[in-house]
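>>> model the following, please.
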Amino acid sequence: MHGPDATDDPLAALLTPEGQALLAELREHDPADELALATRLRRTHPAPLVSAALGQARLRQRAAAKFGADAARMYFTPDGVEQATRTAVAAHRAARFAALGVTRVADLCCGIGGDAVALARAGIAVLAVDRDPATAAAARANAAALGVAELVDVRCAEVGDVDISGYDAVFVDPARRVGRGGGSGRVFDPEAYSPPLSWAVEVAGRVSHAALKVAPGIPHEAVPDAAEAEWVSYGGDVKEAVLWFGAAPGARRATLLPAGATLTGRGLPDPAPGPVGRYLYEPDGAVIRAHLVAEVAAQVGGRLLDPTIAYVTADGTAAGPAPTPYATAYEITDVLPFNVKKLRALLRERGVGSVTVKKRGSAVEPEELRRKLKLDGPTTVSCTVFLTRVAGAPTVLLGRPVPAT
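Okay, here's the model as predicted:
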């Protein structure tokens, strides 16, 4: 007797012994060999089950960058891979909830359960809710696969219909990729989220603590007065912003993962701009989004290159640049007005064969500049080229990263 039909319910079929055996066989498969592998597997397994297993194996491989070793045991939908929270980011949020004394969280719009699993691993009981049956089923399967099913109650329902009384916190991660009216793409208006931000804020008022995930580009003026806004980056890439209720109203915070460094704003005014010093600091994207560049400048005794540009420059000391975990330091070797011919001549004179181009406040595209430079030196000789403005003037800075200490 056959188990669930993979045509009607792919996940249920994959959870059968036959489906599990197929997934185990595909754990290390090479996508380049997929056609031959599918042909062979269809001789002994139903074609829909083979297709479901191959599709899940592909999703697991894509998800490894976010979920690490857990991905090989988890279950995904295509949208779930794209929208799920990276494990390190979810673990950071769960740790913050735990530090606030939270013991029961309603995870509304739980997706495939990445945050629910992280909360459960932090010892927090979770009500995980998603309105899509396939997504909710994946969340339930993931809680079981990762050994936290006893702490995660998954329900398929509209989040507005769920009773959250008895929970001391909520986490809301609304859909931000589909707008009202069925349009596709990213959504930037918080009121066009599904559910809208105003609904999530109202729900946050019913509990002691809440975290509402929003797009990193949310305008500061859209942040409610009662919320702390935290911008989180991973490996230098800004991943999300979160509005925390019941934490530090009005605060602005930047958190850099995986190191875990956290910078909180002190309301410092922007430093006055000044001349280019020996060092240039490139603040992390989370620091910039949180409007905390002034705090970094104060840490390193620096100033801005230009009032409108988020680059900090400083003179340093005989020992080198002042250290900070919130920005990457570069030693500047040359400063010249923007001129492609002069830049090309200087790089050729130095024997440079490869450049990393960074820009702020410049309309020049990095790839276009690389083509025009026509470098012919050895690629082992490299430098970083900054296209920016200094006191309003288009300027090129040449430099090299300062090794981390």
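>>> how far does the longest helix belonging to the chain sit from the chain's center?
Longest helix of the chain, by residue count under DSSP state H: helix 47-67. Averaging C-alpha positions (CA atoms, centre = their mean, to the nearest Å) puts helix 47-67 22 Å from its chain's average.
>>> all helices for the stretch 301-405 of the chain, in order.
Assigned helices in the stretch 301-405 of the chain, in chain order: 340-350, 366-373 (criterion: DSSP state H, counting those that start in this stretch).
>>> in a markdown table, list those along with mean neighbour count and mean pLDDT.
Any C-beta I mention is one placed from the backbone N, CA and C, and that applies to glycine too. Converted to a markdown table, these look like this (neighbours: other CB atoms under 10 Å; pLDDT from 0 to 100):
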| stretch | mean neighbour count | mean pLDDT |
| --- | --- | --- |
| helix 340-350 | 15 | 94 |
| helix 366-373 | 14 | 93 |
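>>> closest one to residue 289 among these?
Residue 289 lies closest, by CB to CB, to one member of the helices of the stretch 301-405 of the chain: helix 366-373, at 21.4 Å.
>>> what angle do the closest one and helix 340-350 make?
Relative orientation of helix 366-373 versus helix 340-350 (axes from the mean of the first three to the mean of the last three CA atoms, to 10 degrees): 70 degrees.
>>> just checking, what packs against helix 366-373?
helix 340-350, strand 354-359, strand 382-390 (3 or more CB pairs under 8 Å, 6 or more residues apart in numbering; DSSP states H and E).
>>> for residue 129, find the nearest of those.
strand 354-359 (42.3 Å).
>>> hmm, back to that, give the buried residues for the longest helix of the chain.
Within helix 47-67, the residues that qualify as buried are 49-61, 63, 66-67, counting by 16 or more other CB atoms under 10 Å.
>>> OK, contacts around residue 384?
330, 355, 356, 357, 358, 398, 399, 400, 401 (CB atoms under 8 Å, 6 or more residues apart in numbering).
>>> redo that, cut-off 7 Å
With contact taken as CB atoms under 7 Å, 6 or more residues apart in numbering, residue 384 is in contact with 330, 356, 358, 399, 400, 401.
>>> okay, and the beta partners of it?
residue 356, residue 399 (DSSP bridges).
>>> tell me the pLDDT of it.
Looking at residue 384, its pLDDT reads 96.
>>> begin at 349 from now on, thanks
Sure thing, new numbering starts at 349, so read that last one as residue 732.
>>> out of the contacts of residue 732, who's the most crowded?
residue 678 (24 neighbours; other CB atoms under 10 Å).
>>> how near is that residue to residue 663?
14 Å (CB to CB, to the nearest Å).
>>> over to residue 489?
57 Å.
>>> the more surrounded of these two?
Set residue 489 next to residue 663 and count neighbours by other CB under 10 Å: residue 489 wins out with 22 against 16.
>>> what's the helix or strand for the more buried one?
Per DSSP states H and E: residue 489 is located in helix 481-493.
>>> can I get that helix as PDB, trimmed to CA atoms?
Extracted C-alpha coordinates of helix 481-493, given in PDB (Å, rounded to 0.1, in the frame of the first residue of the first chain):
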ATOM      1  CA  PRO A 481      -0.900  25.000   4.600                       C
ATOM      2  CA  ALA A 482       2.300  23.900   2.900                       C
ATOM      3  CA  THR A 483       4.400  26.400   4.700                       C
ATOM      4  CA  ALA A 484       2.900  25.500   8.100                       C
ATOM      5  CA  ALA A 485       3.500  21.800   7.300                       C
ATOM      6  CA  ALA A 486       7.100  22.600   6.600                       C
ATOM      7  CA  ALA A 487       7.400  24.500   9.900                       C
ATOM      8  CA  ARG A 488       5.900  21.500  11.800                       C
ATOM      9  CA  ALA A 489       8.300  19.100  10.000                       C
ATOM     10  CA  ASN A 490      11.300  21.300  10.800                       C
ATOM     11  CA  ALA A 491      10.500  21.500  14.500                       C
ATOM     12  CA  ALA A 492      10.300  17.700  14.600                       C
ATOM     13  CA  ALA A 493      13.500  17.200  12.400                       C
END
